[in-house]
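Q: any chance you could fold what I've pasted below:
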Amino acid sequence: VSIDHATPATFYAQVDSREKYYEIGMQLAESNFDYFGGGGFRDNKYPGDKANTPACVNAATANGYRYVNTRSDFEALKNTSGKVIAVNSVLDSSRALPFEIIRDKSSSNNDISLAEFTKKGIELLDNPAGFFMMVEGGKIDWACHANDAASAIQDTLAFDESIAEALAFYEKHPDETLIIVTGDHECGGMTIGFSGAGYFTYMERMKNQTMSYDKFDSLYANNLSGYASLTDLYDEIES
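A: Numbers count the residues shown, from 1 in each chain. As a prediction, this is how the structure comes out:
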C-alpha cells in the first residue's frame, strides 16, 4: 500500500484520522527512520494543492532521505546509502504497488516485488546493534474486500515470499532474530464455500483470471453507460 497508509503510519506518525495522508507523510519526512519501501505518498501535496505547502518527497529529501523510484537505482542501494525512501516506478491510483496478479515480471526493469523490498530492507538495515522492520502485504485486504479471490491468493503468495526472505536472514542469525506474522481481519468472502452448504469455490477456475478487479474496472468502466448487465461484458471477459 502507500507508505502513508494506516498500518505503516502507526509506527511513525500520530494524527486523529488515518485519512490525513499529507500530515502523515510530513511526519514520515521528520521520522528519521532508515528505510521506507513500496508504495508512494497518497497525498504528496496538501489536498487542493494549497500554496506554500511543501511536497512530502521534497520535505523528506531536505531531511536527508534518498528518494529512488527506478529498479536500477533501487538495486544500487547499499547499507552505506543513508536514509532511503524506495518506491516502485508503477503505482495504482492509491499510490500502492500493483496487485501481484498484474505485476510486470517481463523485463529487466520490471516492477519490484514485496519480497525484493524486504530483502533490500534487510541488506540496508543489518548492523551489529540490530534492527526492526515491519512488512505489510496490505493489498491482500483490498482484494478480500472486493471478493477478488484470485488476487487475494496471489498477493498472499507474494507476502509468503517476503516472509521467506526474513526466514533466510533468521537462518543466518537464529539466536537473535524474532519474526512475527499476523493479520488484522478477514472479510468473510474466503469462508463461504464448503461442501456442507452445497456451495463450492471452484478454485481451479481462478487459474483463468489474468487481472485484478481494479485493472478490469479501469479497462471497461468507460464502455458502460447507465444501466448495464453482466452480459454486456461477456466479450471482454472472454477475451
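Q: quick one: contacts for Ala60?
A: Leu28, Ala29, Tyr67, Ile85 (C-beta atoms under 8 Å, 6 or more residues apart in numbering). C-beta here means a position set from N, CA and C on the backbone, and glycine is covered the same way.
Q: okay, and the beta partners of the third one?
A: Read it as Tyr67. Ile85 (DSSP bridges).
Q: low pLDDT regions in this protein?
A: Counting by pLDDT under 70, the ranges of the chain that qualify are 49-51, 188-195, 197-199, 222-228, 239.
Q: any idea which helix is longest in it?
A: Taking DSSP state H as the criterion, the chain has its longest helix at helix 149-172.
Q: what's in contact with that one?
A: By C-beta under 8 Å, 6+ apart, helix 149-172 touches 99-101, 103, 113-115, 117-119, 122, 126, 135, 137, 139-140, 143-144, 177, 179, 181, 189-190, 201, 206, 209, 212-213.
Q: same thing but 7 Å
A: 99-101, 113-115, 118-119, 122, 135, 137, 139-140, 143-144, 177, 179, 181, 190, 206, 209, 212-213 (C-beta atoms under 7 Å, 6 or more residues apart in numbering).
Q: what are the ranges of the strands in this protein?
A: 35-38, 66-68, 84-87 (DSSP state E).
Q: list the buried residues of the second one.
A: Which is strand 66-68. Tyr67, Val68 (16 or more other C-beta atoms under 10 Å).
Q: with distance to Lys20 added, can I get the strands of the chain in TSV?
A: Output for the strands of the chain, formatted as TSV (distance: least, C-beta to C-beta, whole Å):
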stretch	distance to Lys20
strand 35-38	18
strand 66-68	22
strand 84-87	19
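Q: buried ones only from the contacts of helix 149-172, please, as a ChimeraX command.
A: Selection of buried members from these for ChimeraX, criterion 16+ other C-beta under 10 Å:
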select :99,100,101,113,114,115,118,119,122,135,137,139,140,143,144,206,209,212,213
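Q: now stretch 114-125, how far from the centre of its chain.
A: How far stretch 114-125 lies from its chain's middle: 14 Å, per C-alpha atoms, centre = their mean, to the nearest Å.
Q: can I get it in CSV, CA atoms only?
A: The C-alpha trace of stretch 114-125 is given here as CSV (Å, rounded to 0.1, in the frame of the first residue of the first chain):
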residue,chain,number,x,y,z
LEU,A,114,7.3,-7.1,-1.9
ALA,A,115,9.9,-9.8,-1.4
GLU,A,116,12.6,-7.7,-3.1
PHE,A,117,11.6,-4.7,-0.9
THR,A,118,12.0,-6.9,2.1
LYS,A,119,15.4,-8.3,1.0
LYS,A,120,16.7,-4.9,0.3
GLY,A,121,15.5,-3.6,3.6
ILE,A,122,17.4,-6.4,5.4
GLU,A,123,20.5,-5.5,3.4
LEU,A,124,20.3,-1.8,4.3
LEU,A,125,19.3,-2.2,7.9
